[in-house]
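Student: Sequence and predicted structure, then a few things I'm wondering about:
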Amino acid sequence: MTAPAGRQRRPVVLLRPVPGNTVVHRLWAGTKLIVVAGIGVLLTYYPGWIPIGLVAVLVLVTARLANVSRGALPSVPRWMWGLVFLGCLTATFAGGSPEFTIGSVTVGFGGALNFLRITVLSIVLLGLGALVSWTTNVAEIAPAVAKLGRPLRRLRIPVDDWAVALALALRAFPMLIDEFRILFAARRLRPRDDVTRPVRGHRWSTELVDLLAAAITVALRRADEMGDAITARGGAGQISAQPSRPKWPDAVAFAIVLAMCGLSVYVEVFTPLATS
Amino acid sequence: MAALSAATAIIAVVVPFAAGLSVLGTVPMGLLAYRYRLRVLIAATVAGGVIAFLIAGMGGFMTVVNCAYVGGLTGIVKRRGRGAPTAFAAGVVAGFVFGLLGTGALLVLSRLRNLVFDSMTANVNGLAAVLNRIPGLETVAVRLKSDFATILDYWPVLIIGSSILSITMVTMIGWWALSRVLSRLLGVPDVHKLDVIDGTGPAAPVPARLRDVTFRYPGATHDSLGPVSLDVAEGEHLAVTGANGSGKTTLMLLLAGRTPTSGTIERPGVVGLGRPGGTAVVMQHPESQVLGTRVADDVVWGLPPGAQTDVPRLLAEVGLDGLAERDTGGLSGGELQRLAVAAALAREPSLMIADEITSMVDQQGRDDLISVLSGLTQRHRMSLVHITHYNDEADTADRTVNLTGNGGTADNVEMVATAPAPKANGAVTHAGAPLLELHGVGHEYGSGTPWASTALSDIDLVVNEGDGLLIHGLNGSGKSTLAWIMAGLLEPTTGTALLDGKPVADQVGAVAISFQAARLQLMRGRVDLEIASAAGLDYHDHSQIVRALGMVGLDPALGLRRIDQLSGGQMRRVVLAGLLARRPRAIILDEPLAGLDAASQRGLLQVLVDLRRDSGLTVVVISHDFHGLEELCPRTLHLRGGAIAAAPTTTTGGLS
């Protein structure tokens, strides 16, 4: 686990599942999307300590089940830690209701606890989303969205078009990342001459437009080629070879999450354990 | 329609990135709203939103929705031909609406609101408490505390106000950027070729009889093809050869259903592009051909719902058996093209057109592809039209038609030959002083994560001044990683890469690198601006730009040409001109000849050979090809599996 010299930063890896074939990997992609959305709603309505704690436990247990090692986490930049620490410090100075007295000094932790709660909430929500992208093959997402959106078809909403667009976007994602990587590398290779101050802002803005125009040109070119490929195949239709549908592990997952949500709402609404 | 949905999808990918760049996520969305209908914008929002959600959770999703809203607004205002004041007004209204929505949401989510406000209050009060201890700042502390409390009391006003302010600002920035980008995009040619031109009725594209057919693109001054008379019989394997500009691709378009400018094309039924029993087309770019994320998904992609396909059999036929579950992202160019052939076969076409499908593929991949193609007409009831500019590929066909072109590019008549791999002779070194030194260089992507993969290991390499070195390797051999390390764009995870004894990574720009995708390296709209910017020249000093253009054998008149009107070969030369005008210590060329026709290849090579001979330029070429590079690169190094290999890599393996 120890990285050589410890100074190398772990990069953010996007939309690539952690290798493995665990229960979590095999869950239907739609289940995961619903669970994440549901928990998102729960936590925006009841951001209390107990719901947050329960979701955190869920995230940790799922991560363990899915064999997601700690290495999957990207390195947190140092300034972020600094920011959190600073926020915590100023919040502590505000004092607040749970007060502890050590010797002659009384420290109130109310403010700090509030700050801590919102920080943990964000981390838990991010972790939940990350778990989905770490355990789901991107090929399964678009068919799942198509299936989940099927009821919307009755409202004449073009769900299938959306699914095709999503599938193509996910396919194009790594290609465009590569192209943007080259784009930025090409920019790094260019000389950066020192210009007089009033011109600098102007220079910066032209550069931004240049970069954006280049990126969009590249994307449009790619789009034209892919469009040709779609035409050559006679338009859009199937997007997946193996139809995927929820199975009994999905039912179990739903049951667990529902129970957890129910418990959270009960605690928050009817018991004195609720957080303000 | 197809191009549209692809554009939608791909623009959707750009949005999260542009949003990350700054507030410019609105620009791609604005572009979509400007060009297409609202429906397209919504589809792009959904696709972009889901991706952003997968990357950054709910916040990412909301960012994309925001960008779509604001960008859509600016795009629509732009399309209606209104000016900045309208955009400003729209921004204010949009900000108000968003503020109202936000206020409404916070009214409902009282607990979240309390938490956020409490947390903010705690931070402010804490700050006030600290200030209170500092003599002289007590009043400031009290003011801070009480003012913040007052502001929070009127939080709906605060939220609506800040929403109006921020959204108007974002709208105006987006408006400004969109206007600039749109004017830049005017010159971007529409490179899409195929259109669905299809009547009803049974698909029966062969036998096709072309009689005195010519074709002229709208607005062109001369015919791109013809007059041509040609028969495509049932079940035959026809090769069409000819140099760039001879009209090969135009012939493909006509066979795929375009109406000729003059002459007649007779077929028993309709073309049926992509339909069962109709016409299938496989094109040049491997990555753009493949539409599915998983190999099996790609084979069935676009088939009508309910159609049954024997995916394993099709994959076995093109030599991809057992790869059905693999991600298409990890396939090599040759494998991708074979997959595209399998997808075409899934439609059981009567006519398959392969348009230069090998030109972006390495030698091994080319051999495999040709062996797949050569048996197709025996195994299936179909005709195959194989368009190529490699003469040896035409040999497997029943019949060859050579298009000689139409005057405009008559000097490009010769064909590209393929060369055998020369022996590795890495031990022979040049007399010059060591310039680039790599000691024990290795590189691992994603170190410390579950996705870690080793691209290079233990590379020792010295490039001397004035050297001409060819680094040869197949897909996945790590040659591009090596190029990036040598140019200082990547820091190796182990070992050192030194230029003049100092790490290259600290001297980015001293070693020039030209990427395979030349277009990505051209950022300005016009050739002279581009060269001035890439080389750090003053663009008013015309003589320097003329000199730079002359160095790569380009006409100075080209300086005023728009970048997007250049051919592939010209783009590469413009990149070279910009790089060389900075007098780099060495230049690295990644696949400099890929996708160029014979004449352009020869011209570019001559320029490089002359430069190396006359100005002692150090040249490192990264390629999977050998042809014509012997003179430029007397020294060859073979890379296999991320390590230096002794023997050439093309002789092994093959499609069984």
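Tutor: On my side now, so go ahead. Residues are numbered from 1 along each chain as shown, chains lettered A, B, ... in the order given.
Student: The residue of the stretch 51-200 of chain A found nearest chain B: what's it in contact with?
Tutor: Closest residue of the stretch 51-200 of chain A to chain B, CB to the nearest CB: residue A:111 (2.9 Å). Yep, even glycine has a C-beta here, placed from its N, CA and C like the rest. Residue A:111 makes contact with A:91-96, B:118-119, B:121-123, B:125-126, according to CB atoms under 8 Å, 6 or more residues apart in numbering or on different chains.
Student: what does residue B:278 give?
Tutor: A:234, B:203, B:205, B:270-272, B:347, B:349-351.
Student: Near the closest residue to it other than its chain neighbours, how many other residues are there?
Tutor: When the adjacent residues along the chain are set aside, residue B:278 lies closest to residue B:272, with 2.3 Å between them (CB to CB, 6 or more residues apart in numbering or on different chains). Neighbours of residue B:272 under the rule other CB atoms under 10 Å in any protein chain shown: 25.
Student: so what's the closest residue to residue B:274 other than its chain neighbours up against?
Tutor: Nearest non-adjacent residue to residue B:274, counting by CB to CB, 6+ apart: residue A:234, 2.4 Å away. Counting by CB under 8 Å, 6+ apart, residue A:234 touches B:272-275, B:278, B:302, B:347.
Student: gap between the closest residue to residue B:224 other than its chain neighbours and chain A?
Tutor: For residue B:224, ignoring the flanking residues on the chain, the nearest one in space by CB to CB, 6+ apart is residue B:250 at 4.5 Å. Separation of residue B:250 from chain A (CB to the nearest CB, to the nearest Å) stands at 14 Å.
Student: Residue B:250 contacts residue B:220, correct?
Tutor: No - here residue B:250 lies out of contact with residue B:220, judged by CB atoms under 8 Å, at a distance of 10.6 Å.
Student: which neighbours do those two share?
Tutor: The contact sets of residue B:250 and residue B:220 do not overlap (CB under 8 Å, 6+ apart).
Student: circling back to that earlier point, from the contacts of residue A:234, pick the one nearest chain A.
Tutor: Set against chain A, the nearest of the contacts of residue A:234 by CB to the nearest CB is residue B:274 (2.4 Å).
Student: give the contact list for that closest one.
Tutor: A:231-235, B:280, B:302, B:347.
Student: again, only using 10 Å
Tutor: For residue B:274, the contact set (CB atoms under 10 Å, 6 or more residues apart in numbering or on different chains) comprises A:229-235, A:237, B:2, B:194, B:196, B:198, B:203, B:256, B:280-281, B:302-303, B:343-344, B:347, B:349.
Student: Could you tell me which of those belong to strands?
Tutor: The members of these that map onto strands under DSSP state E are B:280-281.
Student: SS state for residue 217?
Tutor: By default, I'm working from chain A. Following DSSP: H, G, I helix; E, B strand; the rest coil, the label given to residue A:217 is helix.
Student: my bad, chain B
Tutor: Secondary structure assignment for residue B:217 (three-state DSSP): coil.
Student: ok, how many other residues are close to the residue nearest to it when sequence neighbours are not counted?
Tutor: Take residue B:217 and drop its neighbours on the chain: the residue closest to it by CB to CB, 6+ apart is residue B:224, 6.0 Å away. Neighbours of residue B:224 under the rule other CB under 10 Å: 21.
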